[in-house]
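**Q** what's the 3D shape of this:
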Amino acid sequence: MADHSIKMLAPDVNRAVAESVSQRLGIPLTKTHMKRDETGEVLFTIGESVRDQDIYIIVQIGSGEVNDRVLELLIMINAAKTASARRITVVIPSFPYARQDRRDKSRAPITAKLMADMLTTAGCDHVVTMDLHASQIQGFFDVPVDNLYAEPSVVRYIKENCDYKNAIIVSPDAGGAKRAAGLAEDLDLNFALIHKERAKANEVSRMLLVGDVTDKTCIIVDDMADTCGTLVKAASILMGHRARNVIAIVTHGVLSGNAIANINNSQLEKLVCTNTVPFQAKMKLCPKLDVIDISYVLAESIRRLHNGESISYLFKSHVL
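**A** Model prediction:
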């Protein structure tokens, strides 16, 4: 798909997915230079002309470095804008601050909206993301947003790597019931639900199982794994109800805090994450981790966007 009207940019860190997308499309990443001066300010330049080009900036944002990566992204967008790029599309598989999509307390900000405003103010014309924590975030933008789904890739992984004929899909909370039901329908399986009550953020006080998991391979599906407290407790509940084994599959493996220790000490047989968030270094510390590569989905979405083709075609399970 070599096309000189496309330029793809990526920051100097967490470039694995961007490089994979570049190889799949046959378009080399544009040369850039980024460094920080003695005060910590970011200095960024694009190493070649982008005038009247379609720019795709591919950024992976991991835990512990969110704010630095966001600032670098804004600077990259603005650099392309001031260099007279025709259109700037940000490909950001894991949207930062997505969990702050509403005011859940008095005098709290809606930071997801602030993120949308900053991206558009910097010069972004289009956003491509994956499995938004809250779909209404798309309405925070004044520019088009394509929210891709990991479900087809997850279906393929389950068929190729799990004994799914004797499995049951499990949602770890009521909010994920629609996701679990859709996946169960694609695989022609039953699904169960765990109702959880939170004492405070990131801390679950009580969990109740709705459904029969006896002698079943339980596949927990969720959009995000942060500290993994919910997944660990869910696995314990399921094994306590005589499940055969428990596997968790999530889109965004944030894996912050004590997540790795929690997984290693849990009854989870495996935790599978897509590579929307970089966690390769953590795989060395946790043999239970596995990865689903979503670079094909991103590459195909870029190709379709550039050629004016339908993106919704990618949502069909038979495609991947």
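**Q** beta partners of the nearest residue to Tyr157 once chain neighbours are set aside?
**A** Nearest non-adjacent residue to Tyr157, counting by CB to CB, 6 or more residues apart in numbering: Ile292, 5.2 Å away. Placement of C-beta: from N, CA and C, glycine included. When bridges are called by DSSP bridges, Ile292 pairs up with Thr274.
**Q** going forward, count from 212.
**A** Understood, numbering begins at 212; the last thing we discussed is Ile503.
**Q** determine the number of other residues adjacent to Ile503.
**A** 21 (other CB atoms under 10 Å).
**Q** quick check: it vs Lys218, distance?
**A** 28 Å (CB to CB, to the nearest Å).
**Q** so which residues make contact with the helix or strand in which Val483 is found?
**A** Assessed by DSSP states H and E, Val483 sits inside strand 481-485. By CB atoms under 8 Å, 6 or more residues apart in numbering, the list of residues contacting strand 481-485 from outside reads 304, 341, 361, 364, 368, 436, 439, 442, 458-464, 466, 474, 490, 497, 499-505.
**Q** after that strand, next one along is what?
**A** helix 491-494.
**Q** can you pull the buried residues of that next one?
**A** Lys493, Met494 (16 or more other CB atoms under 10 Å).
**Q** export that helix to PDB, keeping only CA atoms.
**A** The C-alpha coordinates for helix 491-494 follow below in PDB (Å, rounded to 0.1, in the frame of the first residue of the first chain):
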ATOM      1  CA  GLN A 491       6.200  -6.500  27.100                       C
ATOM      2  CA  ALA A 492       8.500  -5.900  30.000                       C
ATOM      3  CA  LYS A 493       5.900  -7.200  32.500                       C
ATOM      4  CA  MET A 494       5.500 -10.400  30.600                       C
END
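**Q** so what does it touch, helix or strand wise?
**A** strand 500-503 (3 or more CB pairs under 8 Å, 6 or more residues apart in numbering; DSSP states H and E).
**Q** what packs against the helix or strand that comes right after the strand it packs on?
**A** With elements assigned by DSSP H and E, the helix or strand that comes after strand 500-503 is helix 506-518. Packing partners of helix 506-518 (3+ CB pairs under 8 Å, 6+ apart): strand 217-220, helix 227-236, strand 265-269, strand 298-302, strand 337-341, strand 356-359.
**Q** and the residue of the chain most remote from its centre, backbone torsions?
**A** The centre of the chain is farthest from one residue, Glu249, which by CA atoms, centre = their mean lies 33.0 Å away. Main-chain dihedrals, Glu249, degrees, to the nearest 10: phi -60, psi -20.
**Q** per-residue pLDDT, it?
**A** Confidence at Glu249, expressed as pLDDT, is 93.
**Q** now the helices and strands packed on helix 506-518 as CSV including mean pLDDT?
**A** Shown next, in CSV, are the helices and strands packed on helix 506-518 (pLDDT from 0 to 100):
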stretch, mean pLDDT
strand 217-220, 96
helix 227-236, 96
strand 265-269, 97
strand 298-302, 98
strand 337-341, 97
strand 356-359, 95
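**Q** out of these, which is closest to Gly258?
**A** Gly258 sits nearest to strand 217-220 of all the helices and strands packed on helix 506-518, at 10.0 Å, using CB to CB.
**Q** which other helices and strands contact the closest one?
**A** Using 3+ CB pairs under 8 Å, 6+ apart: strand 217-220 touches helix 227-236, strand 265-269, helix 506-518.
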